[in-house]
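In: Task: produce atomic coordinates for the following.
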Amino acid sequence: MRRHARPCGGSGSNDDTSHEGDVAGTPPTPPCGCAGCPARGRAWAELLRLPALFSVPGDALAGTAAAGAPPNARTLLAIGSSLCLYEAGMALNDWADREADAVERPHRPLPSGRIRPAAALTAACALTGAGLALAARAGRPALAVAMPLAATVWAYDLTLKHTPAGPVAMGAARGLDLLLGAAATTGRTRRALPSAALLGTHTLAVTTVSRQEARGGSPLAPLAALATTALLTRLMTYRLPSLPEGRREAAAHLPPGPRSARPRPPEPGWPPTAHLTTTLAAAYAATTARPYFHAALNPSPPLTQRAVGAGIRATIPLQATLTARSRGTATALLIAALAPLGARFAKKVSVT
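Out: So this is what the prediction gives:
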């Protein structure tokens with residue numbers, strides 16, 4: 001049984017044992033009600049899994065690149081909408097799982113009493129409203145994507161999570177998030193559909209593994225995720241363009257005449273975007289390969305949770321790879337720079 005903690009500043013003592021649990025290795029559980037208490041801020045950081053936010057901006061940026069446009073002000077609105085809807089899903093997830101977490105993860109913010117369930121539900125509603133409002137500011141096409149995205153998030157957390165459709169719903173949510181960037185920036189989503197499908201497939205695999213992170217389970221899920229990573233890496237690096245688009249068009253419009261008299265087209269090369277795409281794809285595969293393999297050998301909760309965390313972090317190099325493949329070199333490098341930041345903050349607050 002866990003001791004009741006004193007409210008912050010209750011005694012003025014320097015003794016901090018009120019933020020400790022009785023069981024060794026159990027995270028601190030201060031049910032403080034003080035708005036400025038650092039422990040309360042950490043509780044919200046755990047509830048919202050703040051380090052996972054680094055994996056969100058790349059969705060809209062990859063969608064924008066896939067649509068063939070540079071980022072603009074509407075892209076920023078799409079990113080803001082994505083961040084709000086993602087965090088709404090995090091808060092709603094823990095609210096819906098509060099009874100199961102009381103048994104399996106009693107240290108989580110809701111079952112430990114550090115955050116009230118009503119506060120988590122209120123945050124989920126407010127963040128959803130904010131996400132839809134930002135999408136509306138980006139234009140009707142963006143709102144037309146954000147509405148089914150929000151509906152998918154709520155349906156997953158409240159109904160679909162523990163059904164066979166759960167991983168599919170989560171994959172669809174990530175794919176829609178990428179399409180949100182394309183819709184906000186250009187008003188069109190068709191060209192971004194292949195990238196959305198690849199990102200959604202990765203998310204489906206990670207979600208399938210996450211379903212057994214609390215109790216452990218079969219090695220089949222991490223093995224399938226490992227195979228999915230290999231397949232996606234192959235698809236993203238298969239038939240990379242060896243000649244920039246402008247040069248291919250110039251070569252296709254050479255003047256007629258004897259072959260010897262025609263101007264010679266530029267020699268095919270290996271453009272910088274192909275180098276970058278290959279490098280980022282390798283980083284994506286390397287991020288998940290070892291954790292997935294270890295979880296397959298021993299599907300215990302700790303190793304499975306580590307595999308899930310790696311899968312979430314791998315979303316960033318995957319987004320960067322998709323962006324580089326669409327010739328968004330500078331944007332791809334910007335997305336890739338988020339990876340070390342996410343890994344650094346993940347050491348302080350778990351992303352699972």
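In: Residues contacting stretch 213-232, please?
Out: Residues outside stretch 213-232 that contact it (C-beta atoms under 8 Å, 6 or more residues apart in numbering): 104-105, 198, 201-202, 204-206, 208-209, 211-212, 284-285, 288-289, 292-293, 295-297, 299-301, 304-305, 307-308, 311, 314, 318, 352. All C-beta atoms are positioned from the backbone trio N, CA, C, and that covers glycine.
In: Show me which residues of it are buried.
Out: Within stretch 213-232, the residues scored as buried using 16 or more other C-beta atoms under 10 Å are 213-214, 216-217, 219, 221-226, 228-229, 232.
In: Which among the contacts of stretch 213-232 count as buried?
Out: So, by 16+ other C-beta under 10 Å, the buried ones in the contacts of stretch 213-232 are 105, 198, 201-202, 204-206, 208-209, 211-212, 284-285, 288-289, 292, 295-296, 299-301, 304-305, 307-308, 311, 314, 318, 352.
In: so how far is residue 323 from the closest residue to residue 110 other than its chain neighbours?
Out: Distances taken as C-beta to C-beta, 6 or more residues apart in numbering place residue 98 nearest to residue 110, at 4.5 Å, with adjacent residues excluded. According to C-beta to C-beta, to the nearest Å, residue 98 and residue 323 sit 37 Å apart.
In: quick one: which of the two has more around it?
Out: Between residue 98 and residue 323, residue 323 has the larger neighbour count (other C-beta atoms under 10 Å), namely 30 against 17.
In: Surely residue 48 touches residue 88?
Out: No - counting by C-beta atoms under 8 Å, residue 48 does not reach residue 88; the two are 9.4 Å apart.
In: Between the two, tell me which one has more neighbours.
Out: Ranked by neighbour count (other C-beta under 10 Å), residue 48 and residue 88 place residue 88 first, with 25 against 22.
In: roughly how far apart are that one and residue 47?
Out: Residue 88 is 12 Å from residue 47, by C-beta to C-beta.
In: got it, and residue 105?
Out: Using C-beta to C-beta, residue 105 is found at 12 Å from residue 47.
In: now do residue 296
Out: Residue 296 sits at a distance of 30 Å from residue 47 (criterion: C-beta to C-beta).
In: show me where pLDDT drops low in the chain?
Out: Across the chain, residues meeting the criterion (pLDDT under 70) sit at 1-37, 239-272, 352.
In: about what we covered before: take the buried ones among the contacts of stretch 213-232 and keep only those in helices.
Out: Counting by DSSP state H, the buried ones among the contacts of stretch 213-232 place 198, 201-202, 204-206, 208-209, 284-285, 288-289, 292, 295-296, 301, 304-305, 307-308, 311, 318 in helices.
In: secondary structure class for the residue lying closest to residue 78 once chain neighbours are set aside?
Out: Nearest non-adjacent residue to residue 78, counting by C-beta to C-beta, 6+ apart: residue 184, 3.7 Å away. Assigned with DSSP: H, G, I helix; E, B strand; the rest coil, residue 184 falls in the helix class.
In: Residue 113 now?
Out: Residue 113 ends up coil, using three-state DSSP.
In: Neighbours of it, how many?
Out: 16.
In: Next one: residue 208 relative to residue 321, how far apart?
Out: Residue 208 sits 21 Å away from residue 321, going by C-beta to C-beta.
In: May I have the phi/psi pair for residue 230?
Out: Backbone torsions of residue 230, given as degrees, to the nearest 10, read phi -60, psi -40.
In: Leaving out sequence neighbours, find the closest residue to the residue nearest the centre of the chain.
Out: Closest residue to the average C-alpha location of the chain: residue 55 at 4.1 Å, with C-alpha atoms, centre = their mean. Spatially, and ignoring its direct neighbours in sequence, residue 55 is nearest to residue 315 (4.3 Å; C-beta to C-beta, 6+ apart).
In: do residue 80 as well
Out: Once flanking residues are discounted, residue 80 sits nearest to residue 134: 4.6 Å by C-beta to C-beta, 6+ apart.
In: can you tell me how far the one you found sits from residue 184?
Out: According to C-beta to C-beta, residue 134 and residue 184 sit 9 Å apart.
In: Can you check which residues contact both of those two?
Out: Residues touching both residue 134 and residue 184 (C-beta under 8 Å, 6+ apart): 77-78, 81.
In: Can I have the buried ones of the residues you listed as a ChimeraX selection?
Out: Selecting only the buried entries of the shared contacts of residue 134 and residue 184 in ChimeraX, with 16+ other C-beta under 10 Å as the criterion:
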select :77,78,81
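In: from the shared contacts of residue 134 and residue 184, which is closest to residue 330?
Out: residue 78 (18.0 Å; C-beta to C-beta).
In: element containing the closest one?
Out: Using DSSP states H and E, residue 78 sits in helix 73-96.
In: hey, C-alpha coordinates of that helix in CSV?
Out: The C-alpha trace of helix 73-96 is given here as CSV (Å, rounded to 0.1, in the frame of the first residue of the first chain):
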residue,chain,number,x,y,z
ALA,A,73,2.3,29.4,-42.7
ARG,A,74,-0.5,26.9,-43.1
THR,A,75,2.0,24.1,-42.6
LEU,A,76,2.7,25.6,-39.2
LEU,A,77,-1.0,25.5,-38.4
ALA,A,78,-1.2,21.9,-39.4
ILE,A,79,1.7,21.1,-37.1
GLY,A,80,0.0,22.9,-34.2
SER,A,81,-3.2,20.9,-34.9
SER,A,82,-1.3,17.7,-35.0
LEU,A,83,0.4,18.4,-31.7
CYS,A,84,-2.9,19.2,-30.0
LEU,A,85,-4.7,16.1,-31.4
TYR,A,86,-1.7,13.9,-30.5
GLU,A,87,-1.7,15.1,-26.9
ALA,A,88,-5.5,14.8,-26.7
GLY,A,89,-5.1,11.1,-27.6
MET,A,90,-2.4,10.7,-24.9
ALA,A,91,-4.6,12.2,-22.2
LEU,A,92,-7.7,10.3,-23.3
ASN,A,93,-5.7,7.0,-23.5
ASP,A,94,-4.8,7.1,-19.8
TRP,A,95,-8.3,8.2,-18.8
ALA,A,96,-9.8,5.3,-20.7
